[in-house]
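[1] Have a look; sequence and predicted model below, questions after that.
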Amino acid sequence: MGRLTAFAAKQHWTVVAALTDVASGLNEKRRGLHQLLDLAREHQASMVVVEYRDRLARFGLGYLETCLHAFGVRVVVMEHTVKDDQQELVEDLIAITTSFSARIYGKRGGKKMGSTVRQAMATLAQEGVPE
């Protein structure tokens, strides 16, 4: 949050709200996301600043950007890291597995499952398993 606030200050932007969620980007029931949509609908914000693209939504970011744009809000991404297709796929699979595991087994079990999947994917990558 500090990096985002400093970035906004450097751009001379006024921070209307600093919203955070401790939840998966796959979860559509995030309180912060709903607060953001409320601010957009009420025309109280003209821009959303995120550190990375997947922080706002893991999937469907295009839909969310289109929705926000309809209310005159644009999304600004602070860091534009370029990932290769394989790294992005692995991260997406881990996010999906962790999210659904958390729903099935509870939050603690989901984290454990995500860790297990990360370890397995790293092992496969080290062994050079073909795609």
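    Yes, it's here.

[2] Quick check, residue 76 in contact with residue 52.
    No: counting by C-beta atoms under 8 Å, residue 76 does not reach residue 52; the two are 11.7 Å apart. C-beta coordinates here come from the backbone N, C-alpha and C atoms, glycine included.

[3] what residues are up against residue 49?
    With contact set as C-beta atoms under 8 Å, 6 or more residues apart in numbering, residue 49 has these partners: 4, 7-8, 13, 76, 78.

[4] and it, helix, strand or coil?
    Here residue 49 is recorded as strand under DSSP: H, G, I helix; E, B strand; the rest coil.

[5] Dig out what it forms beta bridges with.
    Going by DSSP bridges, residue 49 is paired in beta bridges with residue 76.

[6] can you pull out the helices in this protein?
    2-10, 31-41, 61-70, 85-105, 107-127 (DSSP state H).

[7] List the buried residues in the third one.
    By neighbour count on 16 or more other C-beta atoms under 10 Å, the buried set for helix 61-70 is 61, 64-65, 68.

[8] okay but residue 71 is in contact with residue 47, surely?
    No: contact criterion C-beta under 8 Å: residue 71 and residue 47 do not qualify, at 11.3 Å.

[9] And the pLDDT for residue 65?
    Per-residue confidence at residue 65 stands at 92 (pLDDT).

[10] Please name the residues that touch it.
    Residue 65 makes contact with residue 75 under the criterion C-beta under 8 Å, 6+ apart.

[11] likewise residue 1?
    Counting by C-beta under 8 Å, 6+ apart, residue 1 makes contact with 18, 20.

[12] Specify the residue positioned farthest from the middle of this structure.
    Ranked by distance from the centre of the chain (C-alpha atoms, centre = their mean), the top residue is residue 127, with 29.4 Å.
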